[in-house]
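A.B. asks: Generate a structure from the sequence data that follows.
(2 chains)
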Amino acid sequence: MSFRARHLLGIDHLAPSEIVTLLDLAEDYVALNRRTVKHSDALAGLTQINMFFENSTRTQSSFELAGKRLGADVMNMAVAHSSVKKGETLIDTALTLNAMQPDLLVVRHPHSGAVNLLAEKVNCAVINAGDGRHEHPTQALLDALTIRRAKGRLQRLTVAICGDIAHSRVARSNLILLGKMENRIRLIGPATLMPAGASEMGVELFEDMREGLKGADVVMMLRLQRERMDGGFIPSEREYYHRWGLDAEKLALAAPDAIVMHPGPMNRGVEIDGTIADDINRSVIQDQVEMGVAVRMAALDLLARNLRAERGRAAAGVMV
Amino acid sequence: MTTTLFANARLIDPEAQTDTPGSLLVREGVIAGTGAPDEAAPEGAAVIDCQGRALAPGLVDWGVKIGEPGERHKESFRSAGLAAAAGGVTTVIARPDTAPPIDTPESLEFVTRRASDAPVNIRHMAALTKAREGREMVEIGFLTDLGAVAFSDGVRVIRDAKLLARCMTYARGLDALIVGHPQEPDLSKGAAATSGKFASLYGIPAASPVAESMGLDRDLALVAMTRCRWHADQVTTAGALPALRRAREGGLDVTAGISIHHLTLNEFDVGDYRTFFRFTPPLRPEDDRQAMVQAVAEGLIDVIASFHTPQDEESKRLPFEAAAPGAVGLQTLLPAAMRLYHQGGLSLPQLWRAMSLNPAKRLGLPAGRLSAGAPADLVLFDPDAPFVLDRFTLLSKSKNTPFDGARLEGRVLGTWVAGKRVFGERP
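C.D. replies: Below is the predicted model of the structure:
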């Protein structure tokens, strides 16, 4: 099997073949999820703990559903109300948790690198559900699956990623994944929201959205955080929408069959016109949510297989 | 409109850096070309005999305060426009530090509409941050689309370096020009003079000239980081020049200006606490003044402007350190500059490069040239005509000039905007 990773901490450590393996398995789960009885026993007997140090509804429920459909015992740790508030360090929380013998740990944390730190301290498989401005691998994978299903391939596409790229872990993971799969990537946004050093990342940079959208096969919009809207990074919501909001006029410059994506939650009228988000011929935003569950099932499944194999080897006394 | 030949003129061409006898043909408000002094007029052309007087592109005065909105009793677009026409200024670059400031597309539209009262061209700068408070950037995109030529918080320095860097980064993306006021605001807080023997003897609160070079150093470091287009409104001390030169040689898109007052007056002119000589930044020692004249000659300082700042009588009838800074200058910019021509070693083409061509170029305006295709914004003047200035003859609503009673040379005989005469008697 060509998926060898012990944890899923980022896209960066995945080989293209591992990405393809995961997406292929996710296709099976898309089919499963469309059946009336959506159940598998792939994770039967395993314990999955979702630990979200940052508020999340969509991602957390997606992971919860994925684990439950695969038969795992899923627990959501309400970290906001836990010992973290009482002053416990991240490492102590991890050790406490580890003593409970979980098999799969899904973690979101506001600090970049925090999930990596945690993964070093536990004996189970860890999935990064978003760490600071660093990575959000399952989002990039679900985006990849959505693109592959809509365009029939995941190579040689022109993908325009627009908006707050500097603060987006979604953009970071997508950039890496789509780059590994040999696509042409364009970053579009105001200079204040472009990451430093972007020009060295092997992408094309555009300040002018109209230029950047020309001929794009995929238009990936990013959420603009409320706290960035007023004067600090951009002058105002209305100026942002005028220049970098996706409306019909700007979208007309992209390829005629271009798809529109958004990781959600959307700000209608800030980064995207509501009618475009709702246009079933262009928008694949609802597909992204559906693919999210399937991709997370595939990730949990693959990591569980590796975990079982590793433990089996350990039990047999084989050097790991 | 018609065809006009300006015959028998002394043509001051800042682009070619020439000062030669010649004639200038204007067709439909646009310069059609130059010729010999006694060039024959085309069929049906009106002829203006310049009698050997100087004909130059009209002045482009960068940094004029007009009291609209908020202080119309000090200056209106109409009064400023009349003063500009009388002073040979054909394009006024208005400042955004009004009350309220020009910080929204709506307020820019208001002043743009009001400016149609004036007989000369008026272009507007917009504030860089909302309410000039240094906390949130303005809608640089919308304001640029509406014709804002540059962005400036005036003499209020943005202390937050991170915010200023973001403003610069955002402006760079839109190719907008930022105008800074190089000054370390804490070091120069409350100062009304340059620190030194004069300020100490007179007991005037003063700031070291280092405040200017420190401010410039910080701003240039941020410009180097963000690569934005940047202009220093006023560089007035010799100590700040090396940093400016280094930035320029390092390839930064940086220019600098200075007021005519800092080139023609020094700190001793304040004399007995004369409040018409109170400026921001304050007047400098004579050594600095001479260094700045030299910097203009070399082209290190790009722009000379009046920094026209109308103040009512009550704002100036106060103890020196409590009086409002600034002076009117639209009508005195040209005669004051003639001091530099007669005594300062600057040629007329050099002066017109700094007062007309450079500001126009930097702001993307077609003015400041005598070449074919440029707008026929012209000033005809006698550089040698002497007079004594009576401040009450000025057309500005405010009369606060440091040149009241001064012997000046240089009289404007006529001003044309797009070929239309806006000042001067028909000959």
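
A.B. asks: Give me the distance between A:Val293 and A:Gly67.
C.D. replies: Distance of A:Val293 to A:Gly67, given as Cβ to Cβ, to the nearest Å: 10 Å. (Each C-beta comes from the backbone N, C-alpha and C, glycine too.)

A.B. asks: what about those two, which has more around it?
C.D. replies: Under the criterion of other Cβ atoms under 10 Å in any protein chain shown, the comparison of A:Val293 against A:Gly67 puts A:Gly67 first, with 26 against 23.

A.B. asks: where does the more buried one land in three-state SS?
C.D. replies: Using DSSP: H, G, I helix; E, B strand; the rest coil, the secondary structure recorded for A:Gly67 is helix.

A.B. asks: Tell me who's in contact with it.
C.D. replies: A:Leu43, A:Gln48, A:Asn50, A:Val74, A:Leu104, A:Leu300 (Cβ atoms under 8 Å, 6 or more residues apart in numbering or on different chains).

A.B. asks: Now for those residues, which sits with the most neighbours around it?
C.D. replies: Comparing these by number of neighbours (other Cβ under 10 Å), A:Leu300 comes first, having 29 neighbours.

A.B. asks: May I have the phi/psi pair for that one?
C.D. replies: Backbone torsions for A:Leu300, taken as degrees, to the nearest 10, come to phi -60, psi -40.

A.B. asks: Now that it has come up, it's in contact with A:Thr47, right?
C.D. replies: No. Judged on Cβ atoms under 8 Å, A:Leu300 makes no contact with A:Thr47 at a distance of 11.7 Å.

A.B. asks: and for the two, which residues touch both?
C.D. replies: By Cβ under 8 Å, 6+ apart, A:Leu300 and A:Thr47 have these common neighbours: A:Ala72, A:Leu104.

A.B. asks: Show me what from chain B comes close to chain A.
C.D. replies: Residues of chain B lying close to chain A (Cβ under 8 Å from any Cβ of the partner chain) are B:129-130, B:135-142, B:163, B:166, B:169-170, B:172-174.

A.B. asks: do that again at 7 Å, thanks
C.D. replies: Contact residues (Cβ under 7 Å from any Cβ of the partner chain) of chain B with chain A: B:130, B:135-142, B:166, B:169-170, B:172-173.

A.B. asks: how about the residue in chain B sticking out farthest from the centre, secondary structure?
C.D. replies: Farthest-out residue of chain B from its mean C-alpha position, per Cα atoms, centre = their mean: B:Glu43, at 38.9 Å. Following three-state DSSP, B:Glu43 is assigned to coil.

A.B. asks: next helix or strand past the longest helix seen in chain B?
C.D. replies: The longest helix of chain B (DSSP state H) is helix B:210-226. Downstream of helix B:210-226, the first helix or strand assigned by DSSP states H and E is strand B:229-232.

A.B. asks: List the strands paired with that next one, with their directions.
C.D. replies: strand B:177-180 (parallel), strand B:254-259 (parallel) (DSSP bridges).

A.B. asks: May I have that strand as PDB, with CA atoms only?
C.D. replies: Coordinates of the C-alpha atoms in strand B:229-232 are reproduced here as PDB (Å, rounded to 0.1, in the frame of the first residue of the first chain):
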ATOM      1  CA  ARG B 229       6.300  55.100  -4.200                       C
ATOM      2  CA  TRP B 230       7.100  57.700  -1.600                       C
ATOM      3  CA  HIS B 231       7.600  61.400  -1.400                       C
ATOM      4  CA  ALA B 232       8.900  63.400   1.600                       C
END
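
A.B. asks: So which residues make contact with that strand?
C.D. replies: With Cβ atoms under 7 Å, 6 or more residues apart in numbering or on different chains as the test, strand B:229-232 has contacts from B:150, B:175, B:177-180, B:182, B:216, B:223, B:253-257, B:362.

A.B. asks: Same check on stretch B:61-73?
C.D. replies: B:74-77, B:80, B:84, B:89, B:92-95, B:97-100, B:110-111, B:114, B:233, B:257, B:303, B:305-310, B:312, B:330, B:333, B:359, B:397.

A.B. asks: List buried residues within these.
C.D. replies: Buried members of those, counted by 16 or more other Cβ atoms under 10 Å in any protein chain shown: B:74-77, B:80, B:84, B:89, B:92-95, B:97-98, B:111, B:114, B:233, B:257, B:303, B:305-310, B:312, B:330, B:333, B:359, B:397.

A.B. asks: Return the subset of these lying in strands.
C.D. replies: B:Val89, B:Val92, B:Ile93, B:Ala94, B:Gly257, B:Val303, B:Ala305 (DSSP state E).

A.B. asks: any idea which of the residues you listed is the one closest to A:Ser112?
C.D. replies: Nearest to A:Ser112 among those is B:Gly257, at 44.0 Å by Cβ to Cβ.

A.B. asks: Look up how far B:Val179 lies from the closest residue to the closest one other than its chain neighbours.
C.D. replies: Using Cβ to Cβ, 6 or more residues apart in numbering or on different chains and skipping the chain neighbours, the partner closest in space to B:Gly257 is B:Val303 (3.6 Å). Noted for B:Val303: a distance of 10 Å to B:Val179, by Cβ to Cβ.

A.B. asks: Nearest to chain A: which residue in the stretch 51-200 of chain B?
C.D. replies: Per Cβ to the nearest Cβ, B:Glu136 is where the stretch 51-200 of chain B lies closest to chain A, at 2.1 Å.

A.B. asks: Tell me how many other residues crowd that residue.
C.D. replies: Neighbourhood size, B:Glu136 [other Cβ under 10 Å]: 18.

A.B. asks: Repeat that for B:Gly44.
C.D. replies: A count of neighbours around B:Gly44, defined by other Cβ under 10 Å, yields 7.

A.B. asks: Tell me how far it lies from A:Ala31.
C.D. replies: Between B:Gly44 and A:Ala31 the computed distance is 86 Å (Cβ to Cβ).

A.B. asks: And for A:Thr57?
C.D. replies: Remark: distance between A:Thr57 and A:Ala31 (Cβ to Cβ) = 26 Å.

A.B. asks: just B:Leu263 next, same as before
C.D. replies: In this view, B:Leu263 and A:Ala31 are 81 Å apart by Cβ to Cβ.

A.B. asks: of those two, who's got more company?
C.D. replies: For B:Leu263 versus A:Ala31, neighbours defined as other Cβ under 10 Å are more numerous around B:Leu263 (25 against 10).

A.B. asks: distance of the nearest residue to A:Thr275 once chain neighbours are set aside from A:Ile285?
C.D. replies: Leaving out its chain neighbours, the residue that sits closest to A:Thr275 by Cβ to Cβ, 6+ apart is A:Ala248, at 7.2 Å. Distance, A:Ala248 to A:Ile285, by Cβ to Cβ: 16 Å.

A.B. asks: Which residue of these two possesses the greater neighbour count?
C.D. replies: Taking other Cβ under 10 Å, A:Ala248 and A:Ile285 do not tie; A:Ile285 has more neighbours (21 against 11).
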